[in-house]
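Undergrad: what's the 3D shape of this:
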Amino acid sequence: MAGTALKSCALFTALFIAALAVVAALYWPAIQRTSELWFPTRVAKNLDQCTYLDKNLFGCEDIVVHGKYAYLACADQQARTGFWPPLGFLDKSTDTTMKDQVLVYDFEEQTLTPLVVRGYNGDFSLHGLSVIDHHVKKNKVTLHLVNHKRSGSCIDIFDHRVGTNELLYGETVCDPLIRSPDAIIPVSRNSFYITNYLSIGPNVTKMDIVLDMALARPTSDLVFRTEDGQIKMVRNGIKGANGLALTANKDQLWMTESLSGELWIFDIQADGSLRESEKRITLSFFPDNVHMVPETGAMVVSGPGGMLNAARADGYQFRYQPDANPPSSKPTSSKTSSKPAAAASKKKDALPLGPGVPSVVAIVTNATSHYDQFYGQKYVPREVFVDPKGNYLFAASVAAVHWPSQTVLLGGPMMKGVVKCPWPAGAEKAPVAGGKKAPAAGDKNKL
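TA: A predicted model of the protein is given here:
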């Protein structure tokens with residue numbers, strides 16, 4: 001009897017191990033993918049020549065390059081950590097009246113100018129922004145700003161005469177479908193796409209946001225405003241709809257899905273509806289904003305490099321980053337210890353400490369290898385900037401490239417300062433995405 005029982009036990013064990021092996025084989029790509037996103041190990045990349053553009057700025061979540069200027073949407077530190085729904089800060093007693101600011105950086109003159117808002121005086125809690133040429137005046141641009149007002153999030157539209165320091169209020173667009181706006185990309189002054197991030201709404205709780213992130217719940221959506229002002233949902237069931245970018249001829253819309261670590265590509269239909277047209281692009285980090293480089297058509301995407309650390313920056317256990325210099329290029333894991341932070345705290349202007357949030361910036365170009373083409377991958381991402389500990393680039397949400405000067409500006413919703421880096425020479429030599437050809441060999445604008 002004992003021998004029979006032993007044989008049965010051995011058989012059961014063998015079958016159990018075999019079953020585990022089958023399950024592991026079937027789900028290994030998913031397991032590997034989850035591990036890569038949650039527990040990444042990276043080395044610092046291309047940060048040696050980076051400097052602070054302005055260390056006194058805070059929370060510049062989005063930066064857009066237009067011509068020789070960059071437009072920055074930056075935050076008031078106290079207001080952001082009181083009321084800013086995307087990160088779970090929901091205290092409506094926080095005064096957000098005209099707290100945040102829009103600034104303009106001139107790449108040629110290397111000057112940074114805060115814009116004075118005219119015609120508007122209310123809650124000013126900024127997130128995404130876009131900049132397009134004015135529909136009538138050649139010397140003006142139009143800015144669309146995501147504004148998280150305590151009464152409900154809306155889109156505010158402003159005009160700016162280039163070369164001045166004024167931002168002139170135009171109109172506000174609010175709608176029940178604009179419930180948790182994150183990014184906005186305009187087709188025209190009146191028509192635009194908006195991502196709604198997570199399940200944020202009038203009655204959202206901090207736990208709703210935590211669960212959305214932890215479980216990657218498909219609670220996000222994408223809405224479209226037509227030229228005549230109608231707003232409709234064009235895509236739902238998204239896991240953290242975030243950044244948006246249009247290709248040069250405006251026939252495709254790119255969107256980052258943060259919680260899956262993927263880039264989506266849509267063909268835009270005549271009525272503004274969307275048809276997913278390409279295989280989704282898998283990234284090794286959690287993408288936030290994506291911007292096209294107009295001179296090349298390349299897409300540049302940035303975001304946090306590890307979810308466990310990013311959760312701290314998204315309101316779950318928020319602490320400010322320590323003051324830091326660009327990290328060296330030694331191998332390191334995103335699982336940071338408190339020792340580097342403690343050392344940084346001895347510096348004169350160090351902020352209260354906590355773990356950093358790793359940051360990654362990638363460029364997306366056309367796939368050229370036979371391997372990628374065999375598996376149907378039309379585009380491939382390549383990491384250009386990496387801060388593996390995130391004490392310098394703290395949860396960087398945006399990388400805005402000014403191609404003529406080969407300069408990149410980096411910011412984040414909880415990041416201290418704006419960082420300025422030179423674009424690495426030869427960082428990318430493949431044909432670029434976005435429907436344009438790569439620059440010829442020897443071209444001064446080559447990637």
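
Undergrad: The residue positioned nearest the centre of the chain: what's it in contact with?
TA: Central residue check for the chain by Cα atoms, centre = their mean: the C-alpha nearest the mean position is that of residue 288, 1.8 Å away. Listed by Cβ atoms under 8 Å, 6 or more residues apart in numbering, the contact partners of residue 288 are 242, 243, 256, 258, 301, 302, 303, 304, 396, 397, 398. Where C-beta positions appear, they are placed from N, C-alpha and C, glycine not excepted.

Undergrad: could you redo the last one with a cut-off of 10 Å?
TA: By Cβ atoms under 10 Å, 6 or more residues apart in numbering, the contact set of residue 288 is 61-62, 128, 182-183, 197, 240, 242-243, 256, 258, 301-304, 310, 359, 395-399, 412-413.

Undergrad: before we move on, what about residue 76?
TA: Contact analysis of residue 76 by Cβ under 10 Å, 6+ apart lists 58-59, 82, 94-96, 98-101, 124-126.

Undergrad: Now, the residues you listed that are in strands?
TA: 58, 101, 126 (DSSP state E).

Undergrad: Looking at these, which has the smallest pLDDT value?
TA: On pLDDT alone, residue 58 ranks lowest of those, at 94.

Undergrad: count of neighbours near that residue?
TA: For residue 58, the neighbour count with other Cβ atoms under 10 Å is 24.

Undergrad: Can you say which of the contacts of residue 76 are buried?
TA: Buried subset of the contacts of residue 76 (neighbour count, 16 or more other Cβ atoms under 10 Å): 58, 59, 82, 94, 96, 99, 100, 101, 124, 125, 126.

Undergrad: low pLDDT regions in the chain?
TA: For the chain, applying pLDDT under 70 flags the ranges 1-12, 14-16, 18-40, 307-355, 375, 426-447.

Undergrad: again, only this time at 80
TA: 1-42, 199-203, 306-355, 368-377, 426-447 (pLDDT under 80).

Undergrad: I'd assumed residue 397 was in contact with residue 75.
TA: No. The pair formed by residue 75 and residue 397 falls short of the contact definition of Cβ atoms under 10 Å, at 11.7 Å.

Undergrad: Between the two, tell me which one has more neighbours.
TA: Using other Cβ under 10 Å, the more surrounded residue of residue 75 and residue 397 is residue 397, with 33 against 26.

Undergrad: Now stretch 256-270: buried residues?
TA: 256, 257, 258, 259, 260, 261, 262, 263, 264, 265, 266, 268.

Undergrad: looking at this, the first one is in a strand?
TA: Yes. According to DSSP: H, G, I helix; E, B strand; the rest coil, the state of residue 256 is that of a strand.

Undergrad: For it, list each beta-bridge partner.
TA: Beta-bridge partners recorded for residue 256 (DSSP bridges): residue 263.

Undergrad: and if you look at the last one?
TA: Partner residues in beta bridges with residue 268: residue 274, with DSSP bridges as the criterion.

Undergrad: Check the gap between the closest residue to residue 46 other than its chain neighbours and residue 171 for me.
TA: Once flanking residues are discounted, residue 46 sits nearest to residue 424: 4.7 Å by Cβ to Cβ, 6 or more residues apart in numbering. Distance, residue 424 to residue 171, using Cβ to Cβ, to the nearest Å: 41 Å.

Undergrad: These two: which has the busier surroundings?
TA: Taking other Cβ under 10 Å, residue 424 and residue 171 do not tie; residue 424 has more neighbours (16 against 11).

Undergrad: was I right about residue 56 contacting residue 416?
TA: Yes. Assessed by Cβ under 10 Å, residue 56 is found in contact with residue 416 at 8.9 Å.

Undergrad: neighbour-wise, which of those two wins?
TA: Remark: of residue 56 and residue 416, residue 416 carries more neighbours, 25 against 10, as counted by other Cβ under 10 Å.

Undergrad: what about the more buried one, distance to residue 182?
TA: Taken as Cβ to Cβ, the span from residue 416 to residue 182 is 22 Å.

Undergrad: related to what we said a few turns ago, may I see the ones in strands among the contacts of residue 76 arranged in JSON lines, with distance to residue 46 as well?
TA: Below are the ones in strands among the contacts of residue 76 laid out as JSON lines (distance: Cβ to Cβ, whole Å):
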{"residue": "58", "distance to residue 46": "24"}
{"residue": "101", "distance to residue 46": "29"}
{"residue": "126", "distance to residue 46": "28"}
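
Undergrad: Relative to residue 278, which of the residues you listed is nearest.
TA: Closest to residue 278 out of the ones in strands among the contacts of residue 76 is residue 126 (31.3 Å), distances taken as Cβ to Cβ.

Undergrad: Can you get me a residue count around residue 216?
TA: Other residues near residue 216 come to 18 when the count uses other Cβ under 10 Å.

Undergrad: Surely residue 247 is in contact with residue 299?
TA: Yes. Using Cβ under 10 Å, residue 247 is in contact with residue 299, at 8.6 Å.

Undergrad: Pick out whichever of the two has more residues nearby.
TA: Using other Cβ under 10 Å as the criterion, residue 247 and residue 299 rank with residue 299 on top: 26 against 18.

Undergrad: Quickly list what that one is bridged to.
TA: Beta bridges link residue 299 to residue 292, residue 364, judged by DSSP bridges.

Undergrad: what sits against it?
TA: Taking Cβ under 10 Å, 6+ apart, we find residue 299 in contact with 243, 245, 247, 254, 256, 263, 265, 281, 290-293, 362-365, 379, 381, 432-434.

Undergrad: If anything else comes up later, I'll come back, but that's it for now.
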